[in-house]
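1. Next comes the sequence, and after it the predicted model I'd like to discuss.
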Amino acid sequence: MKLWIDKHSRILIILSFSLLSFLSLYIVYFRNGNILIGDDYHFHQNRIEGLALSLQQGTLLPRISYFFIGGYGYASSLFYPDFYLYFPAILRACGLSLASSFIIFAIVINMGTFVITYLSGRWMTLSKGKSYLFSLLYTLSIYRLQDFLNRQAIGELLAMSFFPLVLVSLHYLKNGDYKKWPLLTLAMTGIGLAHFISLEIISIFIACYILLNARIFFKKQPIIAILKAAGLTILLLAFYLLPVFEQMAHVTFQVTSNPLTMISDRSYSVGELFVNSFKNSVFHASSANIGIILLIGLVVYTISLFKKNSANRDLIILALFFMLMTTNLFPWQLFNQTPLNTIQFPWRFLSVVTLLLSYLVANDDIGFFQKFPGSKVFLVAVILFGVVIYEAESLSTEGKRILSHQKYDQTNSYYIGAGHEYLPKEANYSIIKKNKTRKVVYDSNEVEIANVKLDFDSVTFDYDVKDSENSTVTIPFIYYHGYQAKIIDENNEAQIKTSLNAKNGLVDVNLTGKGKATIYYQTTLVQRLALVLSLLTLLICVSWKFVDVSKYKSKKKT
């Protein structure tokens, strides 16, 4: 039997991951045709619906989602990468319900995390059993379940899938395998395509890891490897990063003018963090935690630091440090007015703590599994039982958040995130929501407007400016850099720029004479060049990899 299992271990592992990907979500997403919704579900639900609608309209790479805000448009596709959302959006566009599209997507996210974590363990020379345990500890960790079920923070959840690849990349570089630097690029690009804040968090982790191993990394070869990985990541993500910076240069958004929170206000006391972890507390604003299994692992491995030959000291120290960063012992008040405030919640660093402790427990430097052979099976049982208990408690305490699949399909486009981060600072969202009937606004004493047509992504009308030299017309679109007006009059056709209305954050167009105007969003030169740059970089990477594989096969034949 053992021989048969060893022979078929790969397919058995894949089958078990597939089964766990479904079963770990059954009682919260399937049972009785109900689904447990999280804090961010409205926003990501609308992102999927908006992307599906854009695809149906023939817009393959939308910048503005006109599903949002009743047609006013929100630049969710510009500021939040849509890369992974194409999968559920295509399912939705093909006719599946929104609930079904999301649930299938959720299962795939689970499966991807299981597989990536398992492979990362194997690449870090863990045995199959330990790699499997690493995957279970990480994918079914309490913090990740909180992200998944109670917050439904899809961006963070997707980004966490690639965190194990970062760890194995640093493992390779630390051990002198500098040729593996492209793996770090793959990991960081995967994270960047999911969630920019997670990219910040993991970058801080990488910097701390390098500093802690300065004797190894502060040499020519590892520095060059890291710089190559960082440079290539930036080029691959240029299509996303450069347009964001361009918008920031032209418009002041509420994310900077009116931040949702100050990071120092959201830290925990050490006692709260430990008590909540010990109880596997269901997530609320003040109860993010790592769960009792990893908490015990943290305590045990902290004690092991006092041993002379303690292995993985750097990972233990980093786990403690990032745990500390979650609490009010860390001086977050010094960073309220810095870019680090964009992280918003210090407890987001628990994602890194979860990664490190999952690896440490699975790796078993203290030899616990050797002393007690049956303990590994017992731990797996505890992990699975813990998932069931956590989800059951979530359902019992969050009863008001249980929706039928039919009700889940009923969207509300006015949910754009709690902080309204990427509205212009001039926009008053409460006023916009009161004016849900979108209208072209103008001074009838200055200009006559007729034949107004509000299309999916444009506004068209005839105009006749009266005695005044010019007149400003306000268009019912939220302003972003890139809106243009095509003007057709008796003499010619021209394209003119629009401007930001300083009173309401909408699009203004300044008109003269008589003609027909069409206002629409046009991708900017920076956006087009950035996309070409990323695509060329990707093409070169694929070609280089293909050549590399061909050379390897040729050498193997000879």
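-> Right, received. Where do you want to start?
2. you'd agree Gly50 is up against Arg63?
-> No: counting by Cβ atoms under 8 Å, Gly50 sits too far from Arg63 to count as a contact (11.6 Å). In short, each C-beta sits where N, CA and C put it, glycine included.
3. hey, what's in contact with both of those two?
-> Jointly contacting Gly50 and Arg63 under the rule Cβ atoms under 8 Å, 6 or more residues apart in numbering are Ser77.
4. which residue packs closest to Ala285, ignoring adjacent ones?
-> Among residues not flanking Ala285 along the chain, Arg266 sits closest, at 7.8 Å (Cβ to Cβ, 6 or more residues apart in numbering).
5. wait, that neighbour sits on Asn341?
-> No: if you go by Cβ under 8 Å, Arg266 and Asn341 don't touch, sitting 10.3 Å apart.
6. quick one, what contacts the residue nearest to Ala285?
-> Neighbouring residues of Arg266 by Cβ under 8 Å, 6+ apart: 285, 344-347.
7. gap between Gln221 and Thr233?
-> According to Cβ to Cβ, to the nearest Å, Gln221 stands 19 Å off from Thr233.
8. who's more crowded, those two?
-> Between Gln221 and Thr233, counted using other Cβ atoms under 10 Å, Thr233 has the larger neighbour count: 23 against 12.
9. does that one really touch Thr189, like I thought?
-> Yes: between Thr233 and Thr189 there is a contact under Cβ under 8 Å: 5.4 Å.
10. which residues touch His250?
-> Contacts of His250 (Cβ under 8 Å, 6+ apart): His481.
11. Quick check: it vs Thr524, distance?
-> As judged by Cβ to Cβ, His250 and Thr524 stand 9 Å apart.
12. Ser161 too?
-> 31 Å.
13. before we move on, what about Ile224?
-> Separation of Ile224 from Thr524 (Cβ to Cβ) stands at 34 Å.
14. out of those two, which sits in the busier spot?
-> More crowded of Ile224 and Thr524, by other Cβ under 10 Å: Thr524, with 19 against 12.
15. Quick check: that one vs Gly271, distance?
-> The spacing between Thr524 and Gly271, counted by Cβ to Cβ, is 50 Å.
16. likewise Val299?
-> For Val299, the distance to Gly271 - Cβ to Cβ - is 15 Å.
17. now do Leu183
-> Separation of Leu183 from Gly271 (Cβ to Cβ) stands at 39 Å.
18. Between these two, which has more neighbouring residues?
-> Using other Cβ under 10 Å as the criterion, Leu183 and Gly271 rank with Leu183 on top: 21 against 9.
19. what's the neighbour count on the residue nearest to that one when sequence neighbours are not counted?
-> In this structure, Leu183 finds its nearest non-sequential neighbour in Ser169, 4.6 Å apart by Cβ to Cβ, 6+ apart. Applying other Cβ under 10 Å, we find 26 residues neighbouring Ser169.
20. I figured Ser169 hits Lys179, correct?
-> No: contact between Ser169 and Lys179 fails when scored by Cβ under 8 Å: they sit 11.8 Å apart.
21. Using the centroid of this structure, identify the residue furthest from it.
-> Most distant residue from the mean C-alpha position of the chain: Asp467, 52.5 Å away (Cα atoms, centre = their mean).
22. number of nearby residues for Tyr483?
-> So Tyr483, with other Cβ under 10 Å, has 23 neighbours.
23. need the contact list for it.
-> By Cβ under 8 Å, 6+ apart, the contact list for Tyr483 reads 475, 477, 497-498, 507, 519-522.
24. Repeat that for Phe148.
-> Phe148 makes contacts with 38, 106, 109, 157, as judged by Cβ under 8 Å, 6+ apart.
25. ok, now with 10 Å
-> Applying Cβ atoms under 10 Å, 6 or more residues apart in numbering, we find Phe148 in contact with 24-25, 28-29, 36, 38, 106, 109-110, 113, 139-140, 154, 156-157, 160, 283.
26. thinking Gly482 is in contact with Leu500, fair?
-> No: using Cβ atoms under 10 Å, Gly482 is not in contact with Leu500; the gap is 11.8 Å.
27. can you pull out the helices in the stretch 101-250 of the chain?
-> Secondary structure of the stretch 101-250 of the chain (DSSP state H, counting those that start in this stretch): helices at 128-139, 142-145, 154-160, 163-174, 181-192, 196-212, 214-217, 220-236, 238-250.
28. so which of these gets nearest Trp544?
-> Taking Cβ to Cβ, helix 181-192 is the member of the helices of the stretch 101-250 of the chain nearest to Trp544, at 9.2 Å.
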